[in-house]
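Trainee: Sequence and predicted structure are below.
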Amino acid sequence: MHANVGDMLIVHSHVVGQRERKGEIIEIRGPEGTPPYVVRFDDGHEQLVFPGPDAVVEPAE
């Protein structure tokens, strides 16, 4: 997985009734765009994320 600052990280839910989580990647801590990422989620909290197989990066427009 590779990303750039400003890209969106989308984490899909595997639980019925639970929505997916979306956040903007604000910092990349791995080499050459690889995880971990610091993500600011829609609710405003920031978290260090090591994305799993249920996550995708959506490039910034």
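Mentor: Thanks, I have it.

Trainee: contacts and neighbour counts: CA atoms only from here.
Mentor: Fine.

Trainee: quick one, strands of the chain?
Mentor: 8-11, 21-28, 37-41, 46-49, 55-58 (DSSP state E).

Trainee: Reformat the ones you listed as TSV; add mean neighbour count.
Mentor: Shown next, in TSV, are these (neighbours: other CA atoms under 10 Å):
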stretch	mean neighbour count
strand 8-11	20
strand 21-28	19
strand 37-41	20
strand 46-49	14
strand 55-58	17
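
Trainee: Nearest to the spatial middle of this protein, which residue is it?
Mentor: Nearest to the mean C-alpha position of the chain, by CA atoms, centre = their mean, lies residue 9 at 2.7 Å.

Trainee: what's the closest non-adjacent residue to that residue?
Mentor: Nearest residue to residue 9, sequence neighbours excluded (CA to CA, 6 or more residues apart in numbering): residue 57, at 4.7 Å.

Trainee: re earlier: now the residue nearest to the centre of the chain, which residues is it bridged with?
Mentor: residue 23, residue 57 (DSSP bridges).
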